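> Sequence below, structure please.
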Amino acid sequence: MSTDRRLLYKLILGISKGDISGVKDSTIGPVNQARWLTLASRILRLYCSPPDNLGTYVEIILERLSIFIIKVYFKMYSAVKYKNTIIDGAKHLFDEIQLVKTFCTVDERKVANKCIQNNAWFAHPENIMIAMCGDQDREIRQKGRNILRRLLNIKEWRKEEERRRKELYELPKKIKIREFHLPLIDFDAKDYCTMARIKFEKLSGPYNPPERGSFAVYTLNYQGPTKSQEITIPPVLAHMRAEEMDQIVECRVTAEFECHSQSCERGVATTHQSVKRRRTDESQLRMALSTVGAREEMSAKVTVKRFKDDFSKFL
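Numbers count the residues shown, from 1 in each chain. Prediction:
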């Protein structure tokens, strides 16, 4: 556990118990744009010992910020660090929506939901399908299997449709790079499986669809309800055959891909520092590369003891 995370953890525990004497004189590091741990620690420190000249309105805002940090921000930060695979990404996003709905006021929810919508990549139906196939619940895995089998049938039908077009001397459809747009979230969804807003369109082609009354599934994009994107099999599961998809019901999918990593935080922090200190693109790139090189050289010489995170009280 890093020093910043440990300090914020102790501050939250002290506020919960009503005693922050153990961390009252601790030094808080500089504010980092990649992660707001130090900013959250400063807000909680100010909340515990506010100056005398603060107005009533500022005190209310400070209290609301502290509640958000304790009930929403740090709880989700701990959950992402504890369960950091791509299978848990959609669940984390849904849990965050529920926490905001529970602990935030109407005006606060408008601000928080806008931020969630702008970063709702794990609400995409493809990521939701990955979470469903790796869920602990057998019924949810069965629903995920059924969706994958339907998409597989549509994929095979489109290949056959393309072959029929060539036989009929028609020009084949242009092959485009698969687009991945930001989906439109349903904030009133009851579970993460129905979090993305979708629509259906009937399949039509030179020969009959794979199933009677088959529909192609489209997700509504955040850029506007009129724009949509057809849902396909997630790239992580695209290698699976029909027989392997049937085994998902009994044996859930596991994936080693992370939904969040510390290296991403360090990359954002390094980029932010280089942008602040250098003006031209070349100088910013040189500074970022030199920082990364020095960090790798130092890590090769020094052995850092790693602490296992224990956030069971907040999960």
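
> Got the phi and psi for residue 85?
phi -90, psi 160 (degrees, to the nearest 10).

> For it, give me its contacts.
134, 254, 255, 256, 257, 258, 259 (Cβ atoms under 8 Å, 6 or more residues apart in numbering). Where C-beta positions appear, they are placed from N, C-alpha and C, glycine not excepted.

> Now which of those residues would you call buried?
Neighbour-count burial (16 or more other Cβ atoms under 10 Å) is assigned, among these, to 134, 255, 259.

> so, if you compare those, which one comes nearest to residue 22?
Distance ranking of the buried ones among the contacts of residue 85 against residue 22, using Cβ to Cβ, places residue 259 first at 32.8 Å.

> isn't that closest one right next to residue 88, touching?
Yes: look at residue 259 against residue 88 with Cβ atoms under 8 Å: they come within range, at 6.4 Å.

> Quick check: buried residues in the longest helix seen in the chain?
Counting residues, the longest helix found in the chain (DSSP state H) is helix 138-167. Buried residues in helix 138-167, counted by 16+ other Cβ under 10 Å: 140-145, 147-148, 150-154, 157-158, 161.

> Check which helices and strands that helix sits against.
Helices and strands touching helix 138-167, by 3 or more Cβ pairs under 8 Å, 6 or more residues apart in numbering; DSSP states H and E, are helix 125-133, helix 242-246.

> for the shortest one, which positions count as buried?
This means helix 242-246. For helix 242-246, the neighbour count (16+ other Cβ under 10 Å) marks residue 245 as buried.

> Output the below-cut-off pLDDT ranges for this protein.
Applying pLDDT under 70 to the chain picks out residues 1, 32-35, 167-178, 199-228, 260-262, 264-265, 299-315.

> Which residue ranges make up the domains of it?
Following automatic domain parsing, one gets these domains for the chain: 3-120, 125-246, 262-301.

> ranges for the helices of the stretch 201-315 of the chain?
For the stretch 201-315 of the chain, applying DSSP state H, counting those that start in this stretch gives helices covering 242-246, 262-277, 281-301.

> between the last one and helix 262-277, how big is the angle?
Right, the one you point to is helix 281-301. Here the directions of helix 281-301 and helix 262-277 differ by 140 degrees (axes from the mean of the first three to the mean of the last three Cα atoms, to 10 degrees).

> Pull out the buried residues from helix 281-301.
Buried residues in helix 281-301, counted by 16+ other Cβ under 10 Å: 284, 287, 288, 291.

> Looking at these, spot the one nearest residue 21.
Nearest to residue 21 among those, with distances taken as Cβ to Cβ, is residue 291, at 37.3 Å.

> could you measure the closest residue to the closest one other than its chain neighbours against residue 156, distance?
Nearest residue to residue 291 in three dimensions, chain neighbours excluded: residue 270, at 5.2 Å (Cβ to Cβ, 6 or more residues apart in numbering). Distance of residue 270 to residue 156, computed by Cβ to Cβ, to the nearest Å: 45 Å.

> Now do stretch 263-276: distance to the chain's middle.
19 Å (Cα atoms, centre = their mean, to the nearest Å).

> repeat for stretch 272-291
Remark: stretch 272-291 is offset 28 Å from the chain centroid, using Cα atoms, centre = their mean.

> Figure out the length between the terminal residues of that stretch.
The straight-line separation of the ends of stretch 272-291 (Cα to Cα, to the nearest Å) is 12 Å.

> how far away is residue 292 from residue 5?
From residue 292 to residue 5 the distance is 22 Å (Cβ to Cβ).

> again, but for residue 122
Distance of residue 122 to residue 5, given as Cβ to Cβ: 22 Å.

> Those two: which has the busier surroundings?
residue 122 (24 against 19; other Cβ atoms under 10 Å).

> Please look at that one and residue 89 and confirm they touch.
Yes: assessed by Cβ under 8 Å, residue 122 is found in contact with residue 89 at 3.8 Å.

> shared neighbours of these two, anything?
Shared contacts of residue 122 and residue 89 (Cβ under 8 Å, 6+ apart): residue 259.

> from the buried residues of helix 138-167, which two are the most distant?
Greatest spatial distance among the buried residues of helix 138-167 (Cβ to Cβ): 140 and 161, at 31.6 Å.
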